[in-house]
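**Q** Give the three-dimensional model of this entry:
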Amino acid sequence: MDAATAADRRRVQQAAVRTGLWVGAASAAVVAIVTTVIVSVMLATARPEHRPPRGFDGEGGGPGPQVVDVDDVVPVAILVGLLGVVALGLIAWYVSRRAAQPLADALEVQRRFVADASHELRTPLTTLTARIQLAQHRADRGGDVDAVLGQLRHDAAVMDAVLTDLLVSAESAGARAGDASSTAPVVDAARAAIAVIEPRAAERGVSLVAEASPSLEAAVDGTSLTRALIALLDNAVRYSPPGSVIAVRARVAGRRVEIRVSDQGTGIAGIDPARLFERFSRSDDAPDADGRRGFGLGLALVSDIATRFGGSVRIEATSAAGTTFLLDLPEGGRPASSR
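**A** Numbers count the residues shown, from 1 in each chain. A predicted model of the protein is given here:
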């Protein structure tokens, strides 16, 4: 049994124990309250039994035993019993929700991973398809395909790194221990992202450029930064007209690294820009010119990555002249305690 399976079983067992304790304690409390109320009503309504006056034989007279009027107690007992049943039902509902929360969390992680993996692999697969078509075209004409094969190996490595990062993120369900010490050269991540997006951008007639100092580093895992930039570039290509330029520019601002991805598209319309970073939110339901339909996951994944490493992403500007996304991250090369 692997560690993840063992951890899942422990969570299920702990939830079952908590449920049993809650139900047992709640049942005991409700029974005690119902009993106390009924006994209190019986004592409050009890009256001494009437005895005839003392006779010549010395019997009779004096206080008799306490008598309880059943007609007064039974309605109260029924009402209190019904209230106890309702209280137990509410407690059982609440405890069941708490007990099922680990399962709901696990299902949410599973759904997120399936959606994220599907989205993250769409762009590399599109790139692979384009390069394979190029290799077939060259091979049919007796051309050299060594360069394309090298690019295909690079694309396969990118897909492997993306899948590994997604699997580790799903397993840890959030930030990982190594995140605090992660650093990555921004220009390398930008070039890797451009290499993935470039075939699709070329089909659209869009140019991609990167401007960043070779020494500039961000406090983020390299694969995660590449994933974020791929998503931002993919979004920019989606809405950029032919002949336009998409630029990735990075600079230091204080102790932060600001990475801007700017396009020359028509801007964001039909949705609140802040909502674009929510899952499955889209500004336009129409597919791209190449027929690919967006599902509103790319920018949400960028936000997840930025938050994981202590950064943020927002729309800095949008208009009919284009849109600029600002990815803000801690500067690399600093002690983890200062982040």
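**Q** Which positions within stretch 127-147 qualify as buried?
**A** Within stretch 127-147, the residues that count as buried by 16 or more other C-beta atoms under 10 Å are 127, 128, 130, 131, 134, 135, 145. Quick note: C-beta positions are derived from backbone N, CA and C, even for glycine.
**Q** pull the CA atoms of it into CSV?
**A** Extracted C-alpha coordinates of stretch 127-147, given in CSV (Å, rounded to 0.1, in the frame of the first residue of the first chain):
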residue,chain,number,x,y,z
THR,A,127,2.2,21.6,-31.0
LEU,A,128,3.2,18.0,-31.4
THR,A,129,0.5,17.6,-34.2
ALA,A,130,1.9,20.6,-36.0
ARG,A,131,5.5,19.4,-35.8
ILE,A,132,4.5,15.8,-36.9
GLN,A,133,2.7,17.3,-39.9
LEU,A,134,5.9,19.3,-40.7
ALA,A,135,8.1,16.2,-40.4
GLN,A,136,5.8,14.2,-42.7
HIS,A,137,5.8,17.1,-45.2
ARG,A,138,9.6,17.2,-45.2
ALA,A,139,10.0,13.4,-45.3
ASP,A,140,7.7,13.1,-48.3
ARG,A,141,9.9,15.5,-50.2
GLY,A,142,13.2,13.9,-49.0
GLY,A,143,14.0,16.8,-46.7
ASP,A,144,16.0,16.7,-43.4
VAL,A,145,13.7,16.0,-40.4
ASP,A,146,16.4,15.9,-37.7
ALA,A,147,15.6,19.4,-36.5
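**Q** And the average pLDDT for that stretch is what?
**A** For stretch 127-147, mean pLDDT is 80.
**Q** For burial, what's the neighbour tally of residue 315?
**A** Neighbour count for residue 315, taken as other C-beta atoms under 10 Å: 16.
**Q** make that residue 6, sorry
**A** Neighbours of residue 6 under the rule other C-beta under 10 Å: 10.
**Q** what's the answer for the one 10 residues further on, then?
**A** With neighbours defined by other C-beta under 10 Å, the count for residue 16 comes to 11.
**Q** What strand or helix carries it?
**A** For residue 16, the element it lies in under DSSP states H and E is helix 3-45.
**Q** which strands and helices sit next to that helix?
**A** The contact analysis (3 or more C-beta pairs under 8 Å, 6 or more residues apart in numbering; DSSP states H and E) places helix 3-45 against helix 70-140.
**Q** quick one: the helix or strand that the helix it packs on is followed by to helix 70-140, angle?
**A** Per DSSP H and E, helix 70-140 leads on to helix 146-172 as the next helix or strand towards the C-terminus. Interaxial angle of helix 146-172 relative to helix 70-140 (axes from the mean of the first three to the mean of the last three C-alpha atoms, to 10 degrees): 170 degrees.
**Q** just checking, what packs against helix 146-172?
**A** Judged by 3+ C-beta pairs under 8 Å, 6+ apart, helix 146-172 is in contact with helix 70-140, helix 186-204, helix 222-238.
**Q** Next, the contact list for the residue nearest to residue 23 when sequence neighbours are not counted, please.
**A** Take residue 23 and drop its neighbours on the chain: the residue closest to it by C-beta to C-beta, 6 or more residues apart in numbering is residue 95, 6.0 Å away. Residue 95 sits next to 18, 19, 22, 23, 26 when contact means C-beta atoms under 8 Å, 6 or more residues apart in numbering.
**Q** distance of residue 95 from residue 223?
**A** 42 Å (C-beta to C-beta, to the nearest Å).
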